[in-house]
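>>> sharing a model prediction with you, sequence too.
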Amino acid sequence: MFMVLLGPPGAGKGTQAKKIEEQYNIPQISTGDIIRLAIQSKSEWGKKAEEYVRSGELVPDEVVIGIIQERLTQNTYRNGFMLDGFPRNLEQAEALSQLLKEIGIQLNLVLYFDVDREEVIERLSARRICEKCQTPYNMVSKPPKNDKICDICQGRVIQRPDDRPEVIMNRLNTYEQQTKPLVDYYRSQGILKIVVSKGSIDDVFQQVQKVLGTISV
Ligand code: AMP
């Protein structure tokens with residue numbers, strides 16, 4: 001299944017992506033994770049991306065489109081893939097459509113995680129992440145078993161610099177202005193399905209499973 005996960009920051013895309021990956025064996029491709037690892041490794045383009053990420057702005061289209069192009073053309077995704085955090089504006093969506101056409105893949109599903117703004121702010125403030133494997137945690141609902149140590153890889157669990165309160169608002173505005181229009185864009189293509197991201201991780205995953213059960217590929 002070839003799918004896109006859409007929704008504001010803090011909607012639970014990354015968390016649900018890990019569960020989908022585990023249960024359905026569909027690999028997650030997260031532009032946010034790729035960018036963060038590039039920043040950490042101090043690669044040339046990582047250094048350039050850092051100022052955008054830190055201020056809650058989108059990294060320039062040519063950079064992220066390049067990342068996705070490289071991923072999708074250099075690997076064969078027999079069991080499909082899950083794009084998490086891409087596309088984030090109409091230009092990226094058009095570029096994706098063109099790229100998929102070129103490699104002969106049809107998008108089956110866009111899963112839109114619908115969530116209240118207040119809930120998002122709460123979740124982002126409590127969010128932590130493993131700096132090594134990028135596994136997401138939440139200090140209220142899903143803390144690491146050992147304080148500040150990742151359950152999976154024993155990496156350091158930290159707060160993302162862009163989850164600080166002063167950056168959160170900027171990210172939400174960026175989302176409203178640039179990414180939200182993609183909901184209608186994909187709705188008009190007839191491939192959008194909505195999941196209400198409320199309740200526990202498992203409550204949301206149940207909805208995800210229901211939707212995935214309705215998609216024939
Ligand atoms: P995320 O982990 O998806 O919340 O992404 C973290 C940050 O990485 C975003 O706030 C952007 O600065 C950058 N980023 C991730 N994906 C994209 C994208 N598709 N286009 C532009 N910037 C992105």
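That came through, no problem. Numbers count the residues shown, from 1 in each chain.

>>> give me the phi and psi for residue 73.
With angles defined as degrees, to the nearest 10, residue 73 sits at phi -90, psi -20.

>>> check residue 46 too.
Main-chain torsions, residue 46, degrees, to the nearest 10: phi -60, psi -40.

>>> okay, now it: neighbour count?
Neighbour count for residue 46, taken as other CB atoms under 10 Å: 18. C-beta coordinates here come from the backbone N, C-alpha and C atoms, glycine included.

>>> interface residues of this structure facing the ligand?
Taking CB under 6 Å from any ligand atom as the measure of proximity, the chain contacts the ligand at 9, 31-32, 35, 52-53, 56-59, 64, 85-86, 88, 92, 162, 171.

>>> next step: the residues you listed restricted to helices.
With DSSP state H as the criterion, helices contain 31, 32, 35, 52, 53, 64, 92, 171 from among these.

>>> give me the nearest residue to the residue in the chain positioned nearest to the ligand, chain neighbours excluded.
As assessed by CB to the nearest ligand atom, the ligand sits closest to residue 32 within the chain, at 2.0 Å. Once flanking residues are discounted, residue 32 sits nearest to residue 85: 4.6 Å by CB to CB, 6 or more residues apart in numbering.

>>> contact partners for the one you found?
5, 13, 30, 31, 32 (CB atoms under 8 Å, 6 or more residues apart in numbering).

>>> what's the closest of these to residue 101?
Nearest to residue 101, judged by CB to CB, of the contacts of residue 85 is residue 31 at 20.1 Å.

>>> the closest residue to residue 117 other than its chain neighbours: how many residues sit nearby?
Leaving aside its chain neighbours, residue 117 sits nearest to residue 172 (6.6 Å; criterion: CB to CB, 6+ apart). Residues lying near residue 172 (other CB under 10 Å) number 18.

>>> does residue 172 touch residue 120 like I think?
Yes: counting by CB atoms under 8 Å, residue 120 is a contact partner of residue 172 at 6.8 Å.

>>> who touches both of these two?
8, 9.

>>> tell me which residues in stretch 177-193 are buried?
Neighbour-count burial for stretch 177-193 flags 178, 179, 180, 182, 183, 185, 186, 191, 192, 193 (criterion: 16 or more other CB atoms under 10 Å).

>>> this structure: helices as residue ranges?
13-24, 31-40, 44-55, 61-74, 90-103, 117-126, 165-174, 181-187, 201-214.
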